[in-house]
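Chemist: Here you go, sequence then predicted model.
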There are 2 protein chains.
Amino acid sequence: MGESALPARPRFRSKDSQVRDAYHEELDSLTDSLVEMTRLVRSAMARAVTALLDADLRLSEEVISGDEHVNKIDAAIEATVFDLMARQQPVAGDLRTLITALRMSGDLERMGDLAVHIAKTARRRHPESAVPPELQAIVLEMGQIAERMIAKTGSVIASQDVEMGLELDADDDQMDRLHRRLFDILLSPKWRHGVEPAVDITLAGRYFERFADHAVHVAENVVYLVTGQRPEEIIDSA
Amino acid sequence: MGESALPARPRFRSKDSQVRDAYHEELDSLTDSLVEMTRLVRSAMARAVTALLDADLRLSEEVISGDEHVNKIDAAIEATVFDLMARQQPVAGDLRTLITALRMSGDLERMGDLAVHIAKTARRRHPESAVPPELQAIVLEMGQIAERMIAKTGSVIASQDVEMGLELDADDDQMDRLHRRLFDILLSPKWRHGVEPAVDITLAGRYFERFADHAVHVAENVVYLVTGQRPEEIIDSA
């Protein structure tokens, strides 16, 4: 997905507004900011996972310092939302849109923090890798799922694609399965790396799992905004 | 603090409203619901810590099943907030109050989840205790700080006591120190319990730490609502 290829159809906007006015331009700019956050968080997570697997200190430092940018966008979104609320007295539908934007921004900010936590795990163990050889494949796969989930989250926000939003649940299940396999290996009698790598991997596993949960949460918010239904209601009635 | 001893001074209400009307009654009922959540979460955390230390299966089951009550109050708060917004078209100050109530409710709901995670750790390891003898004192102290923090959070919400809100930062620092000591013991050459208890304790430590972070976050929201300043601004200018 090209960065500039934002879809032409209406995004955070009440359905009955046909005229493009300054207010709805600002709502659209919120969408753009949220998508930009997903792009930054995706890049942070990709680099954090590489830093973790390859014990790359420079990459981990980049992720840690780069998080400020994500936090700034989060703060700007909050300021814009409060400003729009104060000036425009939006009606119920738009209010819900604005509050949902705040929530998504909060989730994405937290996902940036989790990428930072993974980068810090890499930094703490440098010059060694925090990931023993027999776990490299699983951790790589968890990182790839995380990256795919945040990429989809960005697409879901930009396009309000409900189908794709519902896919995130399956990705999350896959993440949970890998998380359990990670623990199976950690806790097997064959584990020969002792306590310190076990602690690192336990925390990293938790960070991946929470990252996935937040992605699901963002997608759920979009699905709810578009359909008025929670994802489980849609799946139940399908 | 007695449960019925809610303070007489105005709580979630704009400063210039002198007349008690239905709208402001509803804002007050939001405060009561948030305080009720803190009471439930406090009780859940206290029981979860006892379950963890004493390997008490019945207590851990109670915490796990009791969380539904917390989730229901969270959902009711969300419904009330959206209803008030739709019906009342609140002005900027009240909007901020309502959004802050939503955020606090979200934090408290998450704190309930963290108590459940601790209870599940206890249940997973039953009939053994997940906490080796040399860590019992530290885990007990982390539990006590957690309980004190959620109790203060309830008082801060009920009384809008900014001083007490600022105290939460010091409690959080204390939690962080204990969390580091926990890792020092886990990672010392004297550790003789192997990987499985290390994994449990790593996760439990993380749950306590996050619990404290959420308490600080709730208090920060109250401080901001009352003073218009973030806690760090108040401390800087003191």
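Modeler: Yep, it's here. What you are looking at is a predicted structure, and each value in this text was computed from that prediction instead of being measured.
Chemist: use CA for all of it now, contacts and neighbours both
Modeler: Will do.
Chemist: which other helices and strands contact the lowest-mean-pLDDT helix or strand in chain A?
Modeler: Of all helical and strand segments in chain A, the minimum by mean pLDDT, DSSP states H and E falls on helix A:231-236, at a mean of 73. Helix A:231-236 is packed against helix A:195-227, with contacts defined by 3 or more CA pairs under 8 Å, 6 or more residues apart in numbering or on different chains; DSSP states H and E.
Chemist: buried ones in the helix it packs on?
Modeler: Applying a neighbour-count criterion of 16 or more other CA atoms under 10 Å in any protein chain shown, the buried positions in helix A:195-227 are A:195-226.
Chemist: filter these by proximity to chain B?
Modeler: Taking CA under 8 Å from any CA of the partner chain, the overlap between the buried residues of helix A:195-227 and the neighbourhood of chain B is A:195-196, A:198-199, A:202-203.
Chemist: Make TSV from those and add pLDDT to it.
Modeler: Below are these laid out as TSV (pLDDT from 0 to 100):
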residue	pLDDT
A:V195	96
A:E196	95
A:A198	97
A:V199	97
A:T202	97
A:L203	97
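Chemist: three-state assignment of the residue of chain A positioned farthest from its centre?
Modeler: Relative to the C-alpha centroid of chain A, counting by CA atoms, centre = their mean, A:P189 is the outermost residue, at 34.7 Å. Under DSSP: H, G, I helix; E, B strand; the rest coil, A:P189 falls in the coil class.
Chemist: Give me every residue in chain A lying close to chain B.
Modeler: Residues of chain A lying close to chain B by CA under 8 Å from any CA are A:82, A:85-86, A:89, A:91-92, A:95-96, A:99, A:186-187, A:194-196, A:198-199, A:202-203.
Chemist: quick one, helices of chain A?
Modeler: Counting by DSSP state H, chain A has helices at residues A:22-54, A:57-88, A:92-125, A:133-159, A:162-186, A:195-227, A:231-236.
Chemist: Using a markdown table, lay out those together with distance to B:E163.
Modeler: Shown next, in a markdown table, are the helices of chain A (distance: least, CA to CA, whole Å):
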| stretch | distance to B:E163 |
| --- | --- |
| helix A:22-54 | 35 |
| helix A:57-88 | 25 |
| helix A:92-125 | 27 |
| helix A:133-159 | 40 |
| helix A:162-186 | 42 |
| helix A:195-227 | 33 |
| helix A:231-236 | 42 |
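Chemist: Could you tell me the least trusted of the ones you listed?
Modeler: Within those, confidence is poorest for helix A:231-236, with a mean of 73 (mean pLDDT).
Chemist: Return the set of buried residues in it.
Modeler: Applying a neighbour-count criterion of 16+ other CA under 10 Å, one finds A:P231 buried in helix A:231-236.
Chemist: residues in contact with that helix?
Modeler: Residues outside helix A:231-236 that contact it (CA atoms under 8 Å, 6 or more residues apart in numbering or on different chains) are A:166, A:220, A:223-224.
Chemist: go on, stretch A:29-41?
Modeler: A:11-12, A:70, A:73, A:77, A:80, A:101, A:104-105, A:108-109, A:111-112, A:115, A:150-151, A:153-155, A:157-158.
Chemist: Need the CA coordinates for that stretch. PDB is fine.
Modeler: C-alpha atoms of stretch A:29-41 as PDB (Å, rounded to 0.1, in the frame of the first residue of the first chain):
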ATOM      1  CA  SER A  29      -6.800  14.800   8.800                       C
ATOM      2  CA  LEU A  30      -7.300  12.700  12.000                       C
ATOM      3  CA  THR A  31      -7.600   9.600   9.800                       C
ATOM      4  CA  ASP A  32      -4.300  10.500   8.100                       C
ATOM      5  CA  SER A  33      -2.600  11.000  11.400                       C
ATOM      6  CA  LEU A  34      -3.800   7.600  12.700                       C
ATOM      7  CA  VAL A  35      -2.600   6.000   9.500                       C
ATOM      8  CA  GLU A  36       0.800   7.700   9.800                       C
ATOM      9  CA  MET A  37       1.000   6.400  13.400                       C
ATOM     10  CA  THR A  38       0.400   2.800  12.100                       C
ATOM     11  CA  ARG A  39       3.200   3.400   9.500                       C
ATOM     12  CA  LEU A  40       5.700   4.500  12.200                       C
ATOM     13  CA  VAL A  41       4.700   1.700  14.600                       C
END
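Chemist: which one of the contacts of helix A:231-236 is nearest chain B?
Modeler: When the contacts of helix A:231-236 are compared for distance to chain B (CA to the nearest CA), A:Y224 wins out at 14.0 Å.
Chemist: Nearest residue to that closest one in space, please, no chain neighbours.
Modeler: A:R230 (5.3 Å; CA to CA, 6 or more residues apart in numbering or on different chains).
Chemist: burial measure for the one you found, as a count.
Modeler: For A:R230, the neighbour count with other CA atoms under 10 Å in any protein chain shown is 14.
Chemist: cool, A:E134 as well?
Modeler: Counted with other CA under 10 Å, the neighbours of A:E134 add up to 11.
Chemist: Tell me how far A:V195 lies from B:S188.
Modeler: A:V195 sits 9 Å away from B:S188, taking CA to CA, to the nearest Å as the criterion.
Chemist: wait, I meant A:E68
Modeler: Using CA to CA, A:E68 is found at 34 Å from B:S188.
Chemist: Neighbour count: these two, which is higher?
Modeler: Using other CA under 10 Å, the more surrounded residue of A:E68 and B:S188 is A:E68, with 14 against 11.
Chemist: coming back round to it: what's the closest of the helices of chain A to B:R47?
Modeler: Taking CA to CA, helix A:195-227 is the member of the helices of chain A nearest to B:R47, at 23.6 Å.
Chemist: So which elements touch that closest one?
Modeler: Counting contacts by 3+ CA pairs under 8 Å, 6+ apart, helix A:195-227 packs against helix A:92-125, helix A:133-159, helix A:162-186, helix A:231-236, helix B:195-227.
Chemist: and the angle from the second one to helix A:22-54?
Modeler: In this structure, helix A:133-159 runs at an angle of 170 degrees to helix A:22-54, with axes from the mean of the first three to the mean of the last three CA atoms, to 10 degrees as the basis.
Chemist: In helix A:133-159, which residues are buried?
Modeler: Applying 16+ other CA under 10 Å to helix A:133-159 flags A:135-136, A:138-140, A:142-143, A:145-159 as buried.
Chemist: Repeat that for the first one.
Modeler: By neighbour count on 16+ other CA under 10 Å, the buried set for helix A:92-125 is A:92, A:94-125.
Chemist: Need phi/psi at A:V131.
Modeler: With angles defined as degrees, to the nearest 10, A:V131 sits at phi -110, psi 110.
Chemist: how about the nearest residue in space to it that is not next to it in sequence, what does it touch?
Modeler: With sequence-adjacent residues excluded and distances taken as CA to CA, 6+ apart, A:V131 is closest to A:L53, at 6.1 Å. Residues in contact with A:L53 (CA under 8 Å, 6+ apart) are A:122, A:129-131, A:136, A:139-140.
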